[in-house]
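>>> I would like to see how this sequence folds:
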Amino acid sequence: MYCGVLNINKPAGMTSRDVVNRVIKFVRPAKAGHAGTLDPMATGVLVVCVGHATRLISFVQEGQKRYRGRFRLGQTSDTDDITGNLVEGGAWSGITRDALKELLSDFTGRIDQVPPQFSAVHVQGQRAYDLARRGEAVQLNARPVEIHSLTLTEFTPPDFELELECGSGTYVRSIGRDLGERLGCGAVMTQLERLAVSPFELRCAVELDVLTAASVAQYVQPMETIVRHLPQRILSNDETIGIRQGKSIEVGPIHSDHRQADKVIDAGDLRVALTALDGSLLGVGELNQPQRRIQPRIVFPM
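Okay, the predicted model is just below:
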């Protein structure tokens, strides 16, 4: 049975669920799920976890993302992109590259961001986009997001392009919308491409049309790839049996390919990848610092 992760270049015009449904046809009876929705108009990296790796989806979702987005000044829409009902905004002809660049620092770092009306945010148990499609007023509160970098890469008025690196929960559409508001003319997103999700980069992504029942096996990466940023504890055979029985193990020697084991643990991320002698992933544990033991939290079957 298949078990691992696929880095897929999602084409425009498909939902993320459409992509997963196609993958499922090739990997049955294994299950599959994506680790972060891309809107139908968006393209780029869609990480699809297969088999037992679906239990690691949250690890992918919390990773940093890189995007390239294109926007158009002088318009607004109910979706904050060109797929919605477009409305003419204010005059944009006097806006300069410098004026736009000067605003970018206000959208960098930890900021409060209001999600789009048409988004997957839950409002009283329902998705915001379901309420918006029914014409119901949706009141969304601002949420903190982290924008690590934001760069203006092209400015050909009324269009401009941004590249950004951000944390989970960030809506690129909202950045364009808010910039347009600050500039007094409005702005909508016209294109979006996800360039990376943590270690999964667009340059290494497989085209969806290349995947077939015969070829999918060569593109499934081991699920160890998902947690390679975590410090690693290599288990003996006896310890492997122990964690499968729910028992904790001694901390022992913890390794990291990135030489960051102590830094990660000291920073408060107490998760540790539990691996076999051959390097295969057995599970994920949590370090109990006072007791100097690791308690298994996710354990994969043999």
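>>> stretch 47-62: how far from the chain's middle?
11 Å (C-alpha atoms, centre = their mean, to the nearest Å).
>>> contacts for it?
With contacts defined as C-beta atoms under 8 Å, 6 or more residues apart in numbering, stretch 47-62 is touched by 1-8, 19-20, 23, 27, 30-36, 167-168, 197-198, 200, 220, 223, 226-227, 284, 298, 300-301. All C-beta spots, glycine's among them, are computed from the backbone N, C-alpha and C.
>>> out of these, which are buried?
Among the contacts of stretch 47-62, the ones that count as buried by 16 or more other C-beta atoms under 10 Å are 2-8, 19-20, 23, 27, 30-36, 197-198, 200, 220, 223, 226-227, 284, 298, 300.
>>> so which of those belong to strands?
Mapping the buried ones among the contacts of stretch 47-62 onto strands (DSSP state E) picks out 4-8, 32-34, 197, 200, 284, 298.
>>> which one of these is nearest residue 66?
Distance to residue 66 across those (C-beta to C-beta) is lowest for residue 197, with 8.1 Å.
>>> do I have it right that the closest one meets residue 36?
Yes - here residue 197 reaches residue 36: they are 6.4 Å apart, a contact under C-beta atoms under 8 Å.
>>> quickly list what's touching both of the two.
Common neighbours of residue 197 and residue 36, counting by C-beta under 8 Å, 6+ apart, are 47, 60, 65.
>>> which SS class is residue 25?
Following DSSP: H, G, I helix; E, B strand; the rest coil, the label given to residue 25 is helix.
>>> number of residues surrounding it?
Per other C-beta atoms under 10 Å, the neighbour tally for residue 25 reads 12.
>>> what number of residues lie near the nearest residue to it once chain neighbours are set aside?
Nearest residue to residue 25, sequence neighbours excluded (C-beta to C-beta, 6 or more residues apart in numbering): residue 213, at 7.4 Å. If you count neighbours by other C-beta under 10 Å, residue 213 ends up with 10.
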